[in-house]
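A.B. asks: I would like to see how this sequence folds:
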Amino acid sequence: RGGIRLRSSVRKGFLWLGVIASLVLFAVCAALLYAAWRERGNVPDGPLPPSAPASPPAAVDTQPSPTPEPASVVREAVLFAVGDIMVHMPQLPAYYNEATGMYDFSPWFEDVRPLFAEGDWVAGNLETTLAGADLKYSGFPRFNSPPELAADLREAGFHVLSTANNHSLDRGWTGVVRTLERLREAGLVPVGTAEDEETARRPVIVERRGIRLGFLSYTYGTNGLPIPKDKPFAVNLIDPERIREDIARTREAGADFVAVFLHFGNEYEKWPSDFQRDIARGAVEAGADLVLGSHPHVVQPYEIWEDPGAGGTDAGRRGLIFYSMGNFISNQTGGGTDTGLIVKVRLIRTEMPDGRVVLELAPPEFVPTWVHIRKQNGKRHYRILPLPHVLDNDRRDRFTPDEYARMEQIWKETEAHVRAFEPSVGGENPVRS
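C.D. replies: A predicted model of the protein is given here:
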């Protein structure tokens with residue numbers, strides 16, 4: 001029995017020894033974990049800082065927040081406008097494809113296409129008809145051009161074309177109707193001629209970037225070719241009272257700005273006539289913001305016309321008059337007829353917080369152009385060159401040194417001439433005359 005009690009005591013001793021070893025091991029592990037936490041910065045050295053006293057509850061602002069002032073909404077869009085688009089017979093042969101039996105005039109516009117891509121509206125004067133081959137193609141004095149020209153103009157960037165000019169009836173009533181059809185098929189907006197009374201009276205308004213620009217067009221005459229008596233709406237003739245009524249109707253239809261094409265003046269005269277001044281200024285006083293002139297085939301100066309209003313008050317109107325933008329494309333040379341002008345105007349519409357709408361025209365910019373003509377294999381090849389862009393960006397290896405010198409001269413002379421009425425140029429300022 002004594003041996004049994006001894007073995008029992010030994011077993012109890014080992015049991016207590018195991019318990020003690022377990023506690024020691026637990027304590028060592030706890031110490032190691034504590035040391036690791038301290039190294040990682042989870043437990044600060046030294047005593048913990050005392051707790052910060054509780055902050056008093058924040059005061060509640062019972063006043064309503066002020067309503068922010070509504071901002072003005074400013075909209076801007078750009079108009080490009082050019083002068084006469086003409087097609088003389090020497091312009092055709094190099095652009096005829098015998099395999100397809102069609103014409104391709106797109107090379108004419110390759111240098112201006114990137115510039116026009118920046119515009120919201122691109123407009124010009126189409127001084128030819130597109131009456132079809134069955135009525136025979138011809139140039140001066142009675143124009144009829146291949147209808148492919150319409151699609152090429154649209155591809156070049158044009159949107160609106162004036163069709164009221166002295167060559168509108170060069171293929172009679174049939175030419176008027178077919179030209180309108182070809183233009184609309186190409187996605188262009190014609191203005192100035194019409195196939196019926198309703199179309200003639202309907203305001204032409206083209207909206208871009210939230211700005212609505214109305215277009216009107218009139219010509220001094222049709223080279224003695226009579227407008228059909230039963231179709232007096234076929235071609236718009238210059239009539240101050242008619243212009244005034246049409247501007248008012250276009251405004252009433254929602255136009256923010258109104259541009260009026262006027263085909264007038266004396267051919268090859270570099271200064272506007274009294275007739276041009278009277279009609280253009282009267283259009284501005286009647287509500288036009290822009291007058292886009294054509295027919296002289298050379299560039300004439302522009303002016304900012306300000307009408308002081310009835311009784312000499314400050315309630316009058318202000319508009320930009322471009323008396324003649326010259327030839328955009330033609331076979332004419334000499335005397336400035338191979339020179340044209342691309343006019344750039346930025347239109348601004350500001351919607352004020354109080355509901356008022358402020359309309360502004362930024363100062364115009366000008367891009368003089370030159371029709372470069374090159375003979376190759378007995379045919380004449382044409383390119384419309386926007387001179388500032390060509391001279392500033394060209395590698396000077398596309399043309400001859402004499403041609404580059406000619407471009408520099410045209411650019412300088414045209415820019416000076418178109419600004420001749422500006423006070424800063426030193427000449428008489430007709431704006432306030």
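A.B. asks: other SSEs contacting the helix or strand hosting residue 152?
C.D. replies: Using DSSP states H and E, the element containing residue 152 is helix 148-156. Where contact means 3 or more CB pairs under 8 Å, 6 or more residues apart in numbering; DSSP states H and E, helix 148-156 is packed against strand 102-103, helix 113-116, helix 172-185. Placement of C-beta: from N, CA and C, glycine included.
A.B. asks: Next, find the distance separating residue 238 from residue 246.
C.D. replies: Computed as CB to CB, to the nearest Å, the residue 238 to residue 246 distance reads 11 Å.
A.B. asks: What helices and strands are in contact with the helix or strand just after the helix holding residue 152?
C.D. replies: Remark: after helix 148-156, the chain's next helix or strand is strand 160-162, criterion DSSP H and E. Applying 3+ CB pairs under 8 Å, 6+ apart, we find strand 160-162 packed against strand 121-126, strand 189-191, strand 211-219.
A.B. asks: per-residue confidence for the nearest residue to residue 337 once chain neighbours are set aside?
C.D. replies: With sequence-adjacent residues excluded and distances taken as CB to CB, 6 or more residues apart in numbering, residue 337 is closest to residue 297, at 5.1 Å. What the model reports as pLDDT for residue 297 is 98.
A.B. asks: My guess is residue 188 contacts residue 156. True?
C.D. replies: No: here residue 188 does not reach residue 156: they are 10.8 Å apart, not a contact under CB atoms under 8 Å.
A.B. asks: returning to that earlier point: in the helix holding residue 152, which residues are buried?
C.D. replies: Neighbour counts over helix 148-156 (16 or more other CB atoms under 10 Å) mark 148, 149, 150, 151, 152, 153, 154, 156 as buried.
A.B. asks: could those be laid out in TSV, adding pLDDT?
C.D. replies: Putting the buried residues of helix 148-156 into TSV (pLDDT from 0 to 100) gives the following:
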residue	pLDDT
148	98
149	98
150	98
151	98
152	98
153	98
154	98
156	98
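A.B. asks: ok, residues contacting stretch 202-209?
C.D. replies: Residues outside stretch 202-209 that contact it (CB atoms under 8 Å, 6 or more residues apart in numbering): 75-77, 120-121, 159-160, 189, 191, 212-216, 246, 249-250, 253-255.
A.B. asks: I misspoke; the intended subject was stretch 385-392.
C.D. replies: 111-112, 114-115, 342, 367-372, 404, 407-408, 410-411, 414.
A.B. asks: in it, what counts as buried?
C.D. replies: For stretch 385-392, by 16+ other CB under 10 Å, it's 385, 386, 387, 388, 389, 390.
A.B. asks: Can you tell me the centre-most residue of this protein?
C.D. replies: In the chain, the residue lying closest to the centroid (CA atoms, centre = their mean) is residue 119, at 2.0 Å.
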